[in-house]
Structure formats: C-alpha cells, structure tokens
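Enquirer: this is a predicted model, with the sequence first.
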Amino acid sequence: MQRLNTKELITDLVLIDIINFSQLDSHKQLEIVNFITQSYKKVIEKMLNHSKAPLSKFVIGFVPTGDGFYCILHPRIKGFGTILGLSFNHLSEQISKKYSYFDGVRIAVHTGEVNEFKDILGHTNYIGHGLNDCARYLEIKDYTISTVMVSDIAYEHLKNFLCVYKDYEKLLKERELRHSDVYTFYDKHGNKKMGFLMWLRKSGIINPPKINLNAII
C-alpha cells in the first residue's frame, strides 16, 4: 500500500459558527459569509502588521464548514487561539450593528490534531480528530452569546502561553478576562468533554506576539 503524504500537527483551532445561518435565504447567506470572512481577514492582517508576519504563516489553514469556518493557527503560536477567539467575538458584535439579520456567531477553541494533505487539485487541505473535537464544544447547552467556548486542553495551552508572555497576562487582567466554572458534558457520540465559557468584560482586538513563524513546523 502506498504511504500517504501527510503531515500531522498539534495546534490551536478556532471554529466560527454563524447562528441561525440555515434560516437565512441564499443571498443573505452569501452576503454575511463574504463580509465576515473578509472582515476577519482584514483584522488578522492588521493584527500582524507589527510583527511583519504574513497571514498565510499565522493562519496555516482555513476550512469552510457551510455555517462558518475553522482557522488553523501556526503551532508556534499555540495558546493564542483563545485570545484570537475573544478578538473574533468582539468583531462579531460590531458586525451585528451593520446587519440586522445577523444574530452573531458561536466560537469554540480547541488544541488538537490535524493532518495536512494535498487534495485532488494539489491544494493544501486539513482533516483530523482535532477539527471534529472542536465542533463538539459547540454542543454545550449553556452556550451564551458574547462568550467563547474553550476546551480544557486549549485552556491549559492558554495558561502556558501566559506564563511565557507575561505582558499578555497583564493585558487580559486589564481587559477583565472572565471564565465560568468548568463545564462537563457528553457530546452526541457519548464522549465526555470539559471546557470553559470565557469572555472579556472590556472586549477588543488583541494583537499576537512577535514570533518567528518562518521556522519549519
């Protein structure tokens, strides 16, 4: 059997899910997906200006889901996914003011395994348990708008990130980062999941640290 040419990565995954997307007509679906995608892209590019890192290095993968999309971050920035999710959440609140029919987004953050491969057209694509696991965190029944659901694994990587980048720990305290008690629930497959709902009382966009993202993954 021929060996598959794949690359396995453990990294942060940020899932954006548009609320009530299937209830919109096709024109509004296209309009809001296009606006959100372009808005998030512009925001990330602006966030990266100070570090001179290209978007393609920071977000190594972008996987559409139909109701939204996954952002797969560079493994060297592991732990920042939660902060990016909180920044995305702030932006979605601004978008809600522009489109009356837009009910917002649900955001999940997980640190897990993805496998990189070349699709039939030769483009880089991603698959893996990490993507599926990330989606399971949106199944929590107590999810509330203006929060981000963070898996227990992603939360541990956030804490490791803050131990290295002390200025971010200070910044999140200034922004009044809050989180719920740990949630324990079972997904639709009967698998036990644990995580936290997180939010910033003073929301906003937070830039990533200056990290050499040109190093080999």
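Expert: Thanks, I have the structure now.

Enquirer: tell me what whichever helix or strand residue 8 is part of is packed against?
Expert: For residue 8, the enclosing helix or strand under DSSP states H and E is strand 7-18. Applying 3 or more C-beta pairs under 8 Å, 6 or more residues apart in numbering; DSSP states H and E, one finds that strand 7-18 makes contact with helix 26-47, strand 68-73, helix 81-98, strand 105-118, helix 129-136. In short, each C-beta sits where N, CA and C put it, glycine included.

Enquirer: try it again at 7 Å.
Expert: Helices and strands touching strand 7-18, by 3 or more C-beta pairs under 7 Å, 6 or more residues apart in numbering; DSSP states H and E, are strand 68-73, helix 81-98, strand 105-118, helix 129-136.

Enquirer: and residue 208, how far is that from residue 25?
Expert: Distance, residue 208 to residue 25, by C-beta to C-beta, to the nearest Å: 37 Å.

Enquirer: of those two, give the one with the bigger neighbour count.
Expert: residue 208 (22 against 9; other C-beta atoms under 10 Å).

Enquirer: mind pulling up the phi and psi values for the more buried one?
Expert: phi -80, psi 160 (degrees, to the nearest 10).

Enquirer: likewise residue 22?
Expert: Per degrees, to the nearest 10, the backbone of residue 22 is at phi -70, psi -20.

Enquirer: tell me the pLDDT of it.
Expert: Note on residue 22: pLDDT of 92.

Enquirer: which residues does it contact?
Expert: Listed by C-beta atoms under 7 Å, 6 or more residues apart in numbering, the contact partners of residue 22 are residue 67.

Enquirer: so what are the sheet partners of the strand holding residue 8 and their directions?
Expert: strand 68-73 (antiparallel), strand 105-118 (antiparallel) (DSSP bridges).

Enquirer: so which of the helices and strands packed on strand 7-18 comes closest to residue 12?
Expert: helix 81-98 (2.8 Å; C-beta to C-beta).

Enquirer: buried stuff in that closest one?
Expert: Burial within helix 81-98, assessed by neighbour count using 16 or more other C-beta atoms under 10 Å, is assigned to 81-92, 95.

Enquirer: may I see these organised as JSON lines, with pLDDT and distance to residue 204 added?
Expert: Formatted as JSON lines, those follow (pLDDT from 0 to 100; distance: C-beta to C-beta, whole Å):
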{"residue": "81", "pLDDT": "97", "distance to residue 204": "17"}
{"residue": "82", "pLDDT": "97", "distance to residue 204": "15"}
{"residue": "83", "pLDDT": "96", "distance to residue 204": "11"}
{"residue": "84", "pLDDT": "95", "distance to residue 204": "13"}
{"residue": "85", "pLDDT": "95", "distance to residue 204": "13"}
{"residue": "86", "pLDDT": "95", "distance to residue 204": "9"}
{"residue": "87", "pLDDT": "93", "distance to residue 204": "7"}
{"residue": "88", "pLDDT": "92", "distance to residue 204": "12"}
{"residue": "89", "pLDDT": "91", "distance to residue 204": "10"}
{"residue": "90", "pLDDT": "89", "distance to residue 204": "6"}
{"residue": "91", "pLDDT": "88", "distance to residue 204": "10"}
{"residue": "92", "pLDDT": "87", "distance to residue 204": "13"}
{"residue": "95", "pLDDT": "88", "distance to residue 204": "15"}
